[in-house]
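Undergrad: turn this into a structure:
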Amino acid sequence: MQHSEIVNTMMANDFFSQWLGIKILEQSEGACKLSLIIRKEMLNGFGIAHGGITYSLADSALAFASNSKGRKSVSIETSISHIISLKENDGIIAQAVCETETEKLGHYKINVFLENDPSKIVVLFKGIVYKTSKNW
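TA: Numbers count the residues shown, from 1 in each chain. Next up, the predicted model:
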């Protein structure tokens, strides 16, 4: 399977990412770029986006990027730093890239930034995936 077929298949079966309104902007082997618009029901009691929303966007980017290399991969460790708060109607983009990899592990960096100002980093996310022996 080609990387685009893998990502499209994953997205077709990923009802949570669909519910979030995630759109695939770019995809290549070991990388992807996703977008999302913050909706009212994504806000917490402070009137800003719940941290789980940006976490979920970055986690989806990790999943799509790591699996696009052809082996079924699952996250085993992630971390997130929230830099800028988000409000309703803010557009954000997550860009995932493979930093390093071994036969069994992949280390990915995912930056989430404002759609209208890519210099404004909203979230820094790191993920390590375990690459199973199963191919797509």
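Undergrad: pull up the gap between Ser133 and Glu103, please.
TA: 10 Å (CB to CB, to the nearest Å). All C-beta atoms are positioned from the backbone trio N, CA, C, and that covers glycine.
Undergrad: quick one, longest helix in this structure?
TA: helix 51-67 (DSSP state H).
Undergrad: buried ones in the lowest-mean-pLDDT helix or strand in the chain, by neighbour count?
TA: Sorting the helices and strands of the chain by mean pLDDT, DSSP states H and E puts helix 3-12 at the bottom, at a mean of 94. Across helix 3-12, burial judged by 16 or more other CB atoms under 10 Å covers 3, 6-7, 10-11.
Undergrad: measure the residue positioned nearest the centre of the chain to Met10 for me?
TA: Nearest to the geometric centre of the chain sits Ala61, at 2.1 Å (CA atoms, centre = their mean). Distance of Ala61 to Met10, given as CB to CB: 11 Å.
Undergrad: anything in contact with each of the two?
TA: Shared contacts of Ala61 and Met10 (CB atoms under 8 Å, 6 or more residues apart in numbering): none.
Undergrad: skipping adjacent residues, who's closest to Lys69 in space?
TA: Leaving aside its sequence neighbours, Lys69 sits nearest to Gly30 (CB to CB, 6 or more residues apart in numbering; 5.3 Å).
Undergrad: what about the one you found, how many neighbours?
TA: If you count neighbours by other CB atoms under 10 Å, Gly30 ends up with 19.
Undergrad: pretty sure it is in contact with Ser68, am I right?
TA: Yes - using CB atoms under 8 Å, Gly30 is in contact with Ser68, at 6.3 Å.
Undergrad: what bridges to Ser75?
TA: Taking DSSP bridges as the rule, Ser75 bridges to Val129.
Undergrad: please list all residues in contact with it.
TA: So Ser75 contacts 59, 62-63, 66, 127-130 (CB under 8 Å, 6+ apart).
Undergrad: and the strands in this structure, which stretches?
TA: In the chain, strands defined by DSSP state E lie at 23-28, 31-37, 71-82, 91-101, 105-114, 117-135, listed in chain order.
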